[in-house]
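Visitor: Kindly generate the corresponding structure for this input.
(one chain, ligands or ions: 1)
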Amino acid sequence: MRLDYLTIFPGFFAPLELSLPGKAADKGLLAFGVHDLRTWTHDRHRTVDDTPYGGGAGMVMRPEPWGEAFDELVRAGSTGAERTTIVFTTPSGEPFDQRLAEELATREHLLFACGRYEGIDQRVIDHARGVAEVREVSLGDYVLNGGEVAALAITEAVVRLLPGFMGNAASLVEESHAAGGLLEYPVYTKPPQWRGHEVPAVLRSGDHGRIAAWRHDQAVRRTAERRPDLLTPSVLDDGTPIVRAT
Ligand SMILES: N#Cc1c(-c2ccc3ccn(Cc4ccc(CN5CCCC5)cc4)c3c2)n[nH]c1N
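Guide: Numbering: from 1, shown residues only. Here you go, the predicted model:
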């Protein structure tokens, strides 16, 4: 997989060299490039924004630099699999979740378009749909100052799913089991006692059946307490409620 980032703050992506993606790049599992959008400006001030048509606060990102950057970075690709997927991170995008992470992990080339100011001229997204697969993705229902943080979060969630990336692939399998719509169960390690807090005895029993049952029970309790929306109630013919993870 190749990952490219288009931004006016290239320094935001320096951590990629340090963290997991950096190690994956060393293993040849990944290639990535960070590109300063101002590379594709031609005026003395390297202008990337202008006032919004229709008025309103703030500035909007000009379309021209994006179009020229896409001309250079987007892969046409003979088959759909090789084509670039442009990910516009935006507060108005589809919510990012594990399912979308798994979908993006199947792509050969992700190009993250990270906007700033009040957003990118809509014609950039409209143009992009003609040259690549486009996903408009939101990290969550809150407003950030730009798309870079979201691009980093999406990158980490996607890259860790790539085959051969996580040293312990078993943990991915376990997550997928736990994920059956439930939150993760609590985890513990040594020492057995710490500041008056004990590790639950069942986890030190060596009884894997009891441990699995306890972990599932904890995941259901945690989900019911913190994310009841993940538990879809349904009822039997006689009206008996059934609560199960989605
Ligand atoms: N992913 C993600 C994001 C972002 C995100 C992503 C990309 C950009 C580019 C610029 N901003 C800042 C901004 C600020 C206010 C508004 C609303 N305005 C009202 C009238 C016209 C716009 C739009 C954007 C961004 C924010 N925020 N939250 C997420 N989950």
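Visitor: Now do the buried residues in the longest strand belonging to the chain.
Guide: Longest strand in the chain by number of residues (criterion: DSSP state E): strand 84-95. For strand 84-95, the neighbour count (16 or more other CB atoms under 10 Å) marks 84-91, 93 as buried. (Glycine included, C-beta is placed from N, CA and C.)
Visitor: Setting aside sequence neighbours, what's the nearest residue to Arg38?
Guide: Spatial nearest neighbour of Arg38, excluding adjacent residues (CB to CB, 6 or more residues apart in numbering): Arg46 at 4.3 Å.
Visitor: Just the element for Glu157, please.
Guide: No Glu there; residue 157 is Ala. Using DSSP states H and E, Ala157 sits in helix 148-159.
Visitor: Is it correct that Gly33 is in contact with Leu6?
Guide: No - with contact defined as CB atoms under 8 Å, Gly33 does not reach Leu6; the gap is 9.5 Å.
Visitor: got a list of what the nearest residue to Val74 once chain neighbours are set aside touches?
Guide: Among residues not flanking Val74 along the chain, Thr84 sits closest, at 4.6 Å (CB to CB, 6+ apart). Shown in contact with Thr84 (CB atoms under 8 Å, 6 or more residues apart in numbering): 73-75, 77, 109-111, 131-133.
Visitor: ok, now how distant is Thr84 from Thr47?
Guide: Here Thr84 is placed at a distance of 26 Å from Thr47 (CB to CB, to the nearest Å).
Visitor: Show me what from the protein comes close to the ligand.
Guide: 89-91, 93, 115-119, 138-140, 142-147, 150 (CB under 6 Å from any ligand atom).
Visitor: Please tell me how far Leu152 sits from the ligand.
Guide: Separation of Leu152 from the ligand (CB to the nearest ligand atom, to the nearest Å): 11 Å.
Visitor: Let me know the pLDDT of that residue.
Guide: What the model reports as pLDDT for Leu152 is 97.
Visitor: okay, now the domains of this structure?
Guide: Domain assignment of the chain by automatic domain parsing yields the ranges 2-159, 176-230.
Visitor: So for the shortest one, mean pLDDT?
Guide: The one in question is domain 176-230. Rounded mean pLDDT across domain 176-230 is 93.
Visitor: Show the end-to-end separation of stretch 105-118, please.
Guide: End-to-end distance for stretch 105-118, by CA to CA, to the nearest Å: 29 Å.
Visitor: what sits against Ala219?
Guide: Contacts for Ala219 (CB under 8 Å, 6+ apart) come out as 178, 182-185.
Visitor: Dump those to CSV, plus secondary structure.
Guide: Conversion of those to CSV gives the following (DSSP: H, G, I helix; E, B strand; the rest coil):
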residue, secondary structure
Ala178, helix
Leu182, coil
Leu183, coil
Glu184, coil
Tyr185, coil
